[in-house]
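Novice: model this:
(3 chains)
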Amino acid sequence: MSSQRIGESKWKNAVLGILAWVVSLLVFFPVFWMVLNGFKTELDANTDPKLLFEPTFEQYRTVTTQTEGLLGFQEAFTNSFIAVITSTVLVMLLAIPAAYSLSIRPIAAWRDVLFFFISTKFLPIVAAILPLWIIARDLDLLNTRLVLIILYTAMNLPLAVWMLRSFFNEVPRELVEAAQIDGSSIWGQITSVILPIVAPGIAATALLCVIFAWNEFFLAVQLNPVDGSTVPIWVSSNVSTRGNFLAKLSAASTLATLPVVIAGWVAQKRMIRGLAMGAIK
Amino acid sequence: MTAIDTDKAQALARYQRREAWRRRIPLLPALLFTIVVTQVPFAFSLWFSLTEWTIVPPSPRTFVGVDNYVDLASNEFFREAAWTTVVMTVSSVLLSLLLGTVLALLLDREFFGRGVARTLLITPFLIMPVVAGLVWKTQMFNSSFGVLNWLLVNGGFERVEFVSRFPGISIIVVLVWQWTPFMMLIILAGLQGQDQSVLEAARVDGASNWAIFSQITLPQLRPYLELGTLLGSIYLIQVFDHVVVITGGGPGSTNIPYFVFQRSIGGGWRFGQASAFSIVVVVASIIIATLGIRLLSNLLEGETP
Amino acid sequence: MPKTSTTTKKPWLAILGLLAAFALVAAACGDSDDEETTDDESSESASASETADDSDSGEEEAMEDEDEGEAMEADRSINVAIVGNPTLDDIASLTPELFTAETGIEVNYTVLDEQTLREVTTRDVGAGGDQFDVVQIGMYETPQFGANGWLVGLNDLAANDPDYNIDDLIPAVRGGLSVDGELYASPFYAESSFLMYRADVLEEAGLEMPAAPTWDQVAEIARAVDSDEMAGICLRGKPGWGDLGASFTTVLNTFGGTWWAANDDGSIGAAQVDKPEFAEAFNFYVDLINDAGQDDAANSSFNECLSLYQNGEVAMWYDATVAAGILEADDSPVQGLNDFALAPTNVTDASGWLWAWTLAIPVSTSDQDAAWEFVSWATSQAYIEAAGENLPGGWAAVPPGTRQSTYDNPNYQEAAASFAQKTLDAMQAAPIDNPGTEPRPGLPGVQYVGVPEFQDMGTRCTQELSAAIAGSQSVEDAISACQSIASEFSS
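Specialist: Okay, here's the model as predicted:
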């Protein structure tokens, strides 16, 4: 942590501190505005911007009220939680041993394999949607949470392998070798020696996976419009083609982003430490 | 050659084979999973790209060889979309890296409420792309009720129809807004991992702040900047939700993912042609990425794991 | 006034409270630089609440299961895909009481935006997804899908259903949804286009609007009433074949232009975008918007114009007839100030469009009888009456344009006095079989060309045209780009 720099006057530090605050507030403003609009009536939201208004919880009531037959708030959140958490756990279970094979005791072609993982991220998902839809249809997977779990796992796995490998490179080889000589299995080495060291990195990776999966819209709406629909679909169902919807949409958006925003806020320190390990030095 | 030597050689070879497999086994589940889930659809796409196939009007799939690829070479709209993709990706990656670095430098010092300021700053990265696009379009850019135009008009300026006048720039603004926090986190990680004693020594020697930054800090940040560039490019080259929500395509904002979408399920229903486009895109991306990764640094080469 | 001061104080307090709450959360999350334990605690509590959420919804599901177990009848259910708009939200709110309770058929709605609905339903019915028992489609798709053999023909089902009354459907609409006399979808609501204007504003300016104006007359009036506070006219400029595409195509038709020539066999001929009539129509459209149109026209469609008109920011508006019901509703700020004229013309006699949102049954449905029961109920005269009595908007808010009986109903005549007859006139005047001066390919259609390729061409061309309306490219560039897009489909 850098402390007061020598030769820097106090007022300069104060000015820079204020500048940092101003920039932070500006960057945050659109989010604040969205939250604010969620407490307006449609009439107040669809006019010149105003800070003065009579706040109402009406929009929150509307978007959380379950209409029979329509995708409800609870159903969407349940589907999202299940798809996101399961896929992230799966990603970790697959990526941790893979990262071991690419870092601690690397296979000969580790560069090619790593590059293969990254290259799968270049196939535009929009282009793959038709084959995916046909395969999902023939396997009876349309409108199931399972199809999203599988695809979100595949979507995040390359990122996780890439990042975890970097973290594993930080583990002192002597420790791993010592554990190996003591006869621990690969899984034993991972759980007893490696994981405690790279825990912040794993947390950072998992959080990124959660963010990307939670926010994913395209696959969900194409494959799961009927059942197993997730939160982004619920949000977009509040967009109306005829009539005003800004306030309602703001309320729904606020609810939809809250879980990931809170998770991100809570874990930010760990993210930074994780990323510090992750850069290729 | 004696029999014993042969035995030894065989035993050694067996051991090496076993060892090689032991090293591979932990990798296999992830590798097989990725191959099955990503390469099977890719193989389908490859096959579709050699056929003429539309759903509306329904027509049987007929094999046409490389016709779709020939058409593609002469398609001016594909070239336009490719150019838009390059502009959008490069400018949003560079801008968010630049702003992320500035913000990280601002935050890398003690001031009142630093934790809160950082918390506010990272929030845009956590927002759903669909929501971010809608909020900016309907509540910031909007020419009648948008905050930006309200500020302009009250400041005595003309209204600006941001999204329709500057579709590409509008999307880039939202992308930079969302990705700057991510870049900032990475750079912040780099700044906090700096060797303080080197910095102290430089200060004692009377080096200027700029000299310290450009000659000590920046080289140390290089791996972090590279990580940011790599991760940012992978995601920003694929930008789709933002385009759909903010402009719905058009000159200056139809990028490759949106173009392919439009040719296929977005109304064109020409799956053969759309598949050919996407195959070309994948191949091109991989070539560019290979070159990029090689050129960018010894990202993988110089490293001994 | 004490009253005002309390109302202005309260919001500030609320905002301050909000800010404080945000700051607290942010502080709790952000200021843990030194205390590692805070991090752990809060993440634990976060995951604890997640599990609580999960178990909650688990119970919910269990309860639903019990419900299903009790009501033996309710094991029939259908999946219905609809577009998100208020009229269709209404149907969702009436379904449990008025449909499920009567028939025991549960209806599971999928609400999507228009674009996504098209993607999902077209692929579903076209490539055999079997996800939906009833899909909402438009008048553009209905005859195409019907001719492709994707939809269940409704004539027999309707004939055997005493509640449906097929002959009550407005003939133009029924015709537009039929192929060779077979009805392929039942209209939920239907519309034409006409010109809505502020009678008070025109009167003050001493101007008079003919009942059947020409575009030149409309343009003249628009330019005359245009001021800094109030634009002369609101026209659609947002990309999309159903947005700018619909409005502009009606103008194009009446200026004697068209998108494509027709070959002798009815297939798509040469693109006609580079013809002088097209340029004349488009220049007229762009000039009118530039001189007397609304701000940010390139981003405006129905919704945006509706807001502007209701806020008193435009004097005239050319759009769908269903807007009249919203403008004249009890909660409308411009109620009673409006008058309506037929869609403006140039060289043709009539130019209004014809559109319907309909409910259709894909042949892949697993329960055709239940699907028909739903379609019949949702588009019947009885539903319209129930809607008039049960909906908060009352009779003015019932789905218009589908049935003659709606227009014969005294309740509706009273609630919709100012626009009911004019809507009906507009629908009957819509030149569905002969929209322009040139023969065109495909099935009938006014504001679109009845070929599948129109959707793709229209979407991409209107993106180019919209950019010209915005001024980010020239009219000439837009037209030449559009000509090459349209030429891709010529044979």
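Novice: which residues touch the nearest residue to residue C:413 once chain neighbours are set aside?
Specialist: Spatial nearest neighbour of residue C:413, chain neighbours left out: residue C:420 (6.0 Å); criterion: Cβ to Cβ, 6 or more residues apart in numbering or on different chains. Backbone N, C-alpha and C define where each C-beta goes, glycine included. Residue C:420 sits next to C:400, C:407, C:412, C:413 when contact means Cβ atoms under 8 Å, 6 or more residues apart in numbering or on different chains.
Novice: surely residue B:107 is in contact with residue B:189?
Specialist: No - if you go by Cβ atoms under 8 Å, residue B:107 and residue B:189 don't touch, sitting 11.6 Å apart.
Novice: okay, residue C:430: pLDDT?
Specialist: Looking at residue C:430, its pLDDT is 91.
Novice: for residue C:140, same thing?
Specialist: 95.
Novice: I'd guessed it sits against residue C:453; true?
Specialist: No - if you go by Cβ under 8 Å, residue C:140 and residue C:453 don't touch, sitting 11.9 Å apart.
Novice: hmm, the helix or strand of chain A with the lowest mean pLDDT in reach of chain C?
Specialist: Lowest by mean pLDDT, DSSP states H and E among the helices and strands of chain A is helix A:42-45, with a mean of 80. No - applying Cβ under 8 Å from any Cβ of the partner chain, one finds helix A:42-45 separated from chain C by no less than 9.4 Å.
Novice: what do you get for stretch B:80-88?
Specialist: No - with Cβ under 8 Å from any Cβ as the criterion, chain C is not reached by stretch B:80-88; the gap is at least 9.2 Å.
Novice: so residue C:272 touches residue C:256, yeah?
Specialist: No - with contacts counted by Cβ under 8 Å, residue C:272 stays clear of residue C:256, the gap being 10.4 Å.
Novice: spit out the residues that contact those two alike.
Specialist: Shared contacts of residue C:272 and residue C:256, defined by Cβ under 8 Å, 6+ apart, comprise residue C:438.
Novice: which residue, other than its chain neighbours, is closest to residue C:482?
Specialist: Nearest one to residue C:482, counting by Cβ to Cβ, 6+ apart, is residue C:461 at 4.2 Å.
Novice: what sits against that neighbour?
Specialist: Taking Cβ under 8 Å, 6+ apart as the test, what residue C:461 contacts is C:245, C:273, C:481, C:482, C:485, C:486.
Novice: list the buried residues of the helix or strand harbouring the fifth one.
Specialist: The one in question is residue C:485. Using DSSP states H and E, residue C:485 maps to helix C:475-487. For helix C:475-487, a neighbour-count test (16 or more other Cβ atoms under 10 Å in any protein chain shown) marks C:475, C:478, C:479, C:481, C:482, C:483, C:484, C:485, C:486 as buried.
Novice: again, but for stretch C:396-407
Specialist: For stretch C:396-407, burial by neighbour count (16+ other Cβ under 10 Å) applies to C:396, C:397, C:398, C:399, C:400, C:401, C:402, C:403, C:406, C:407.
Novice: mind checking which of those are in helices?
Specialist: C:406, C:407 (DSSP state H).
Novice: in CSV: the buried residues of stretch C:396-407, plus pLDDT and distance to chain B.
Specialist: Below are the buried residues of stretch C:396-407 laid out as CSV (pLDDT from 0 to 100; distance: Cβ to the nearest Cβ, whole Å):
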residue, pLDDT, distance to chain B
C:396, 81, 26
C:397, 78, 25
C:398, 87, 29
C:399, 89, 27
C:400, 92, 28
C:401, 93, 26
C:402, 94, 26
C:403, 95, 30
C:406, 95, 33
C:407, 94, 35
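Novice: just give me the neighbour total for residue 110.
Specialist: You didn't say which chain, so I picked chain A. Residue A:110 is flanked by 18 other residues according to other Cβ atoms under 10 Å in any protein chain shown.
Novice: to clarify, I was referring to chain C.
Specialist: Neighbours around residue C:110, by other Cβ under 10 Å: 28.
Novice: need the three-state assignment for it.
Specialist: On the three-state scheme (DSSP: H, G, I helix; E, B strand; the rest coil), residue C:110 is labelled strand.
Novice: for it, which residues are in contact?
Specialist: A:71, A:225, A:226, A:229, C:79, C:80, C:81, C:82, C:120, C:132.
Novice: ok, the second one to chain B distance?
Specialist: If I follow you right, that is residue A:225. As judged by Cβ to the nearest Cβ, to the nearest Å, residue A:225 and chain B stand 13 Å apart.
Novice: my guess is that residue meets residue C:79, correct?
Specialist: No - look at residue A:225 against residue C:79 with Cβ under 8 Å: they stay out of range, at 9.2 Å.
Novice: sorry, back to before: return the member of the contacts of residue C:110 nearest to residue B:64.
Specialist: Nearest to residue B:64 out of the contacts of residue C:110 is residue C:120 (Cβ to Cβ; 27.8 Å).
Novice: which non-adjacent residue is nearest the closest one?
Specialist: Using Cβ to Cβ, 6+ apart, the closest residue to residue C:120 is residue A:225 (5.2 Å).
Novice: do residue A:231 as well
Specialist: Spatial nearest neighbour of residue A:231, chain neighbours left out: residue A:80 (4.4 Å); criterion: Cβ to Cβ, 6+ apart.
Novice: state the helix or strand in which the one you found lies.
Specialist: Here residue A:80 is assigned to helix A:73-103, by DSSP H and E.
Novice: list the helices and strands that helix packs on?
Specialist: With contacts taken as 3 or more Cβ pairs under 8 Å, 6 or more residues apart in numbering or on different chains; DSSP states H and E, helix A:73-103 sits against helix A:110-119, helix A:145-169, helix A:186-189, helix A:195-214, helix A:231-236, helix A:246-278, helix B:28-34, helix C:36-70.
Novice: if you set the cut-off to 6 Å instead, what comes out?
Specialist: Here helix A:73-103 touches helix A:145-169, helix A:195-214, helix A:231-236, helix B:28-34, going by 3 or more Cβ pairs under 6 Å, 6 or more residues apart in numbering or on different chains; DSSP states H and E.
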